[in-house]
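Q: take a look and give me a structure for this.
(3 chains)
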Amino acid sequence: MVRIAMLLALGLSLLAAPARAADPPPKPAAAPAPKADAPKPEAAKPEAPEKMMSENAAAKLFARAKDAFGRNRFAEAATLCWRFLQRNKPGVEKYESAQFFLASSLEKLGFIHASVEYYYQVANNRQSPELLPRALRQLEAISLAHPFDEGMVLRDLLGDTDFGELPGDLSDFAYYWQAMTNLERKLEGWSTERFLKISRKGYYFYTALYVNAIRLLASPKGDARKEALTAFAELFGALDLGSALDSLRRRGEADSKLAYALRALVTDEGAIQLRLDKLPKGWEIELAMLGLARVAAETDALLTRAKETDEEALGLPLAYSVAIGGMPIYTRAIPFEDRGGAIRAVAARFAGVRAIRGKSLHSLSRLLYEQKQYAAAYNTLGAIPKNTELSSEILLERAWSKYRSGDPHRAMGLLYALDAPVYKALFAPEKYVLRGLIYRRFCHFRAAKLAARRFRVEYAKTLRAIREGEALEEVDKVREAALRRAPALKVHLFARSLRQERAALDKYEDEWGGGKGLRAHLRHLYLQKLEQTKADLGRALEISAKEVAEDMLDAEEQVNLLEYEDGQAIFQRLSESASLSQARKRAAKVPVSSERVYYKFGGEYWTDELPSYKFNIEDRCVD
Amino acid sequence: MRRWLRMKTRLGLLAALLLTPTAVAAKPAKGPAWEESDKLPAVQNRLYRVEHEFQVGLGVLPVDAFSKGFTLGGGYAWHITDLWAVELRAAYLLNFKTALRDKLENNFGEPPSKFAEIRLYGEVSALFKPIYGKLSLLNKTLVYGEIYLSASAIVARLNGGSATDDEPQGKGDRLGFGGAPGFGLRGYLNRYLSLRFDFRYLLLYSRGEGHYPLALTLNLAITTRSDL
Amino acid sequence: MRLRTGTLALLLLLAAAPAGAQGSSVTGQGGELYSIEKRDLMGSHELMLSVGVLPMDAFAKGLTLQGSYTYHFSHLIAWEIIGGTYSFNFSTGLEQELKDRFLVQATEVGELQWMLHSNFVLKPLYGKFALTNDKLFSAEMFFVLGYALGGYTAALPSGFDVGIGIRMFLGKYFSLRLDLRDYLFLPDFKKVENNLFVSLGLSLTFGFGEEQKEE
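A: All right, here's what the predicted structure looks like:
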């Protein structure tokens, strides 16, 4: 229970923790805010402007830059845009266009952070209304594909700015991040209001539904609960809630916890009406699982269809079945008039929708595990699309699920997969504990002791450093592990890409050289951001490192216990009579030829094989 | 122990997931270590990684109508990466006359010097080794191997050759030059030994005459490892 | 002699080296670790069409078209019931030269124009390959041995063929095959006509049975 409370505290503190050091005082996001509030990034200020240009020369220079861009000569276009910005004052004609083309050129060349800085300028100044949506669109695309300066773009720019009418689905991008910023600032009502403005299709809708399913778990009482339920019910939709309830009733499950929870949200006439006093115990898990299952099912159907978006395919019937861990809940057919839009919206952000599907399935599997539905948790983990969630987490969680559902052979196989080189820096002391437990399950006590010993070999130095009170962020293994955990992971990935991009600037030494050249400017820009990120990373590491150290000490305790129990068991077995060994169950036989191929492990890890390892072991236990 | 049997649960999700705009976060890194979010190679720690290779082998040049050549050869290869290697090879030929040549020599008095024969040849090759894999033998053992393409420059010592007005007694001892495209298979026997089969088409040119024998060779290779 | 003994000893030592480069971290701890995967299957029937070369004949080089039908009994055994090859021959000019200079007929049997064969197929090796350590494809290696009939311009000898092949799976129904075979014909059982044959073919398979459930 202590651990749950700690996790809750951590979860909530992280919800509120901004990526940037200085948190502005709470105010509703996207309330018309004076532009001066947003800190201006360095990119805005060309150092010591050179001699100003005439209007005519400026126009010619801009035309050359645009021409170079049109001919895919992005380095040249960047140089010309930079020259334009240096020799003209903000406010002159084409100044923002030059910023935009500089940003686009830098993006094309792979300097994502630098491009974000200039897109930010264009979007933040809003001097050229026609460029605003274009800049926002680029920022949105970057936010979905690369590590980037989230504090600047999502909170400062989107969270605090009212953009008015934005074309198409761009407004969803703004609404979503305004809602998230409000949620961080604990402005629950404002957050709900923004979430409900998101159109009911595409990436931001599913992400909002996902977030609000999780929000139910974090908001068990008070106003927060009401807001969370309102947002969830409205986003889920009366029709879908009603379908789920009807379906449960038809199957004779009207007394299930989920049915009671649904009845507290929707009337028999199919209208949303909250009756908080009718919520059953555990409602938050039931509804969260339903929300996650809906996201997983609907995105699955749409992702399959999004590969074909010609008119004929768009019109074909489209239905999805929502199931929680294999148990069907309800089926919904998307009406004809909505199909095309829903499919096109998913196709527009295919990778993003795939990622949110991965997250939903992952979260759902964890809830199923918590509900002791281990086989369902295992299968749900197996459905997570490749490369969306961390494979080490999936492997470890699948191993636990298999162990708990009574298949230690597969569980052990999955644990061995975690020895692959890609997981070298993985911090998972549980791996040794679970391995020890499984060996013990088969009465291989020496191997179980060996697993415990391997834990000690791996972590002895680290544990000593922790006990001696060394700064946790300075202890290698703790630091490595902490870097791969939220909240440090995102900052770490951003810092890594900053370093890579900064190093790549050397390629343009000739073209962008010189004391006041673009290269010097960008180097300075990257250096500053790196320093700022370093500070952010320090703060994030502090949190993660403490958590890692605690886990490590916990693991040591478990290993001690395991070793002690194994020692006892070995001693007992020494007195066992030899004839009893006849009763052992031999390891499963491998067929000479079958529909499955068996690759015996020889020390080489094939990435595709990691989820399919099985450990054949003799059961030495005697009944 | 019970605590360990519980996994990170729903509340842990909040920290990790709520504020993450996307999971497709990282671009592939060029550094030596992979992040999990990077694109991973198909084989993470290749079991058979060779660097220096010494080989001895036998072969056959079976196409010529007048003589069949059997080769004794050896060579050295330097595997620069898992994908590329350069190789030096030399082979000595034992030539055996065919029945047709016997007939021409014995019944028509055609002198042996008029039949061109390769005596020995040397090759400098580049090997491109894109395919590495494993095969399960009856679900019991694994056989590891690779398939590669080769391109060689060749110098050969030839003897004999058809007569011309300038050289009525045949062409005698001479050098021939050319190239050889080919492909090969390697099966690893263990961490230091492997068997290679090479299929190369020699395209030789010498003093106005072309020779195009096919060379099939089987070599035993002793290799050092690049990862030790 | 000492050198030879030393070399032999070194070779024996190398041959005795364990097959695994790093050895398994798992063996010796009471169990074996396997990756168990569903294999790409061949249906019961296979139709194959290939292009190839017959490079051995010094007098004519053959470019071939081959077709065959194979019945697969199991994952391990198949019977290539019938296969036929037609060779488009390109003369090297040598035959004409011999005729002109010596009035000699180059061979008694003439040029190989077509072949028929029927083979037993053993498929003990199945696995996968990585292309530039990135893309994966599954493959099997098989061995063939069977009867062959050679259609020469001047003879019709029987014989046998032996070979090795690699099949690369291109999805459920198609696979790419590289075959290396030697057709040995015995005209009048007096001599052996040796024909090396290399071909690259595309196979279509069908007739998949019901899936067996295995764990």
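Q: could you use CA atoms for every contact and neighbour count after this?
A: Fine.
Q: what segments of chain B are strands?
A: Counting by DSSP state E, chain B has strands at residues B:50-61, B:67-79, B:84-97, B:117-137, B:141-159, B:174-188, B:193-201, B:203-206, B:209-211, B:214-225.
Q: Serialize these to CSV and add fields for distance to A:Glu542 and mean neighbour count.
A: Below are the strands of chain B laid out as CSV (distance: least, CA to CA, whole Å; neighbours: other CA atoms under 10 Å in any protein chain shown):
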stretch, distance to A:Glu542, mean neighbour count
strand B:50-61, 44, 20
strand B:67-79, 46, 21
strand B:84-97, 46, 18
strand B:117-137, 44, 21
strand B:141-159, 47, 20
strand B:174-188, 49, 18
strand B:193-201, 51, 20
strand B:203-206, 68, 19
strand B:209-211, 74, 14
strand B:214-225, 42, 21
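Q: out of the ones you listed, which is closest to chain A?
A: strand B:117-137 (6.1 Å; CA to the nearest CA).
Q: any part of that closest one near chain C?
A: Yes. Against chain C, strand B:117-137 shows contacts by CA under 8 Å from any CA of the partner chain at B:129-137.
Q: tell me the centre residue of chain B?
A: Geometric centre of chain B, nearest residue: B:Gly184, 4.4 Å, by CA atoms, centre = their mean.
Q: nearest residue to it other than its sequence neighbours?
A: B:Asp198 (4.3 Å; CA to CA, 6 or more residues apart in numbering or on different chains).
Q: quick revisit: can you check the pLDDT for the residue nearest to the centre of chain B?
A: Note on B:Gly184: pLDDT of 92.
Q: could you check how far A:Ala411 is from B:Leu216?
A: 48 Å (CA to CA, to the nearest Å).
Q: off-centre distance for the strand or helix carrying A:Leu144?
A: Using DSSP states H and E, A:Leu144 sits in helix A:131-145. Here the centre of helix A:131-145 is set off from its chain's centre by 19 Å, with CA atoms, centre = their mean, to the nearest Å.
Q: domain assignment for chain A?
A: A:25-198, A:238-389, A:425-575 (automatic domain parsing).
Q: now do the helix holding A:Leu144: which elements does it pack against?
A: Helices and strands touching helix A:131-145, as assessed by 3 or more CA pairs under 8 Å, 6 or more residues apart in numbering or on different chains; DSSP states H and E, comprise helix A:95-108, helix A:112-125, helix A:170-184.
Q: what about the lengthiest helix in chain B, near chain C?
A: Using DSSP state H to define each element, chain B has its longest helix at helix B:99-108. Yes. Contact of helix B:99-108 with chain C (CA under 8 Å from any CA) involves B:100, B:104, B:108.
Q: make a ChimeraX selection of the buried ones in these.
A: In ChimeraX, a selection of the buried entries from these looks like this (16 or more other CA atoms under 10 Å in any protein chain shown):
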select /B:100,104
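Q: kindly indicate which of the residues of helix B:99-108 next to chain C lies nearest A:Ala297.
A: B:Leu100 (76.0 Å; CA to CA).
Q: give me the average confidence score over the biggest helix by length in chain A.
A: Criterion DSSP H: the longest helix present in chain A is helix A:518-574. Here helix A:518-574 scores 85 as its mean pLDDT.
Q: just to revisit the earlier point, list the contacts of the residue nearest to B:Gly184.
A: B:182-185, B:215-218 (CA atoms under 8 Å, 6 or more residues apart in numbering or on different chains).
Q: cool, and A:Glu284?
A: A:216-217, A:220.
Q: and chain B, which of these contact it?
A: Among the contacts of A:Glu284, chain B is touched by A:Leu217 when using CA under 8 Å from any CA.
Q: and which of the contacts of A:Glu284 is nearest to chain B?
A: Closest approach to chain B among these (CA to the nearest CA): A:Leu217, at 7.3 Å.
Q: using the three-state scheme, assign that closest one.
A: helix (DSSP: H, G, I helix; E, B strand; the rest coil).
Q: format the residues of strand B:117-137 next to chain C as JSON lines; extra columns: pLDDT.
A: Listed next are those as JSON lines, based on pLDDT from 0 to 100:
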{"residue": "B:Lys129", "pLDDT": "95"}
{"residue": "B:Pro130", "pLDDT": "94"}
{"residue": "B:Ile131", "pLDDT": "93"}
{"residue": "B:Tyr132", "pLDDT": "94"}
{"residue": "B:Gly133", "pLDDT": "93"}
{"residue": "B:Lys134", "pLDDT": "93"}
{"residue": "B:Leu135", "pLDDT": "92"}
{"residue": "B:Ser136", "pLDDT": "91"}
{"residue": "B:Leu137", "pLDDT": "91"}
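Q: quick one on the thing from earlier: of the residues of helix B:99-108 next to chain C, closest to A:Leu426?
A: Once CA to CA is applied, the member of the residues of helix B:99-108 next to chain C that ends up nearest A:Leu426 is B:Leu100, at 70.8 Å.
Q: enumerate every residue touching the nearest residue to that closest one once chain neighbours are set aside.
A: Closest residue to B:Leu100 apart from its sequence neighbours, by CA to CA, 6+ apart: B:Phe66 at 6.3 Å. Neighbour list for B:Phe66: B:97-101, B:115 [criterion: CA under 8 Å, 6+ apart].
Q: which one of these is nearest to chain C?
A: Of the contacts of B:Phe66, the one sitting nearest to chain C (CA to the nearest CA) turns out to be B:Leu100, at 7.2 Å.
Q: touching, the closest one and B:Lys68? I think so.
A: No. Contact criterion CA atoms under 8 Å: B:Leu100 and B:Lys68 do not qualify, at 11.5 Å.
Q: could you list the low-pLDDT ranges of chain C?
A: Across chain C, the ranges flagged by pLDDT under 70 are C:1-30, C:102-107, C:210-215.
Q: and the strands in it?
A: Using DSSP E, strands in chain C cover C:31-38, C:45-54, C:60-72, C:77-91, C:112-131, C:135-152, C:158-169, C:174-185, C:193-206.
Q: and of the domains of chain A, who's closest to B:Leu40?
A: Set against B:Leu40 and scored by CA to CA, those come closest in domain A:238-389, at 9.9 Å.
Q: can you give me the end-to-end span of the closest one?
A: First residue to last in domain A:238-389 (CA to CA) measures 31 Å.
Q: up against chain B, what does the stretch 501-623 of chain A have?
A: A:558, A:590-593, A:597-600, A:603-608.
Q: go through those and name the one nearest A:Pro429.
A: A:Gln558 (9.9 Å).
Q: how many residues are close by the closest one?
A: 21 (other CA atoms under 10 Å in any protein chain shown).
Q: ok, now the one 5 residues further on?
A: By the other CA under 10 Å criterion, the neighbourhood of A:Glu563 contains 21 residues.
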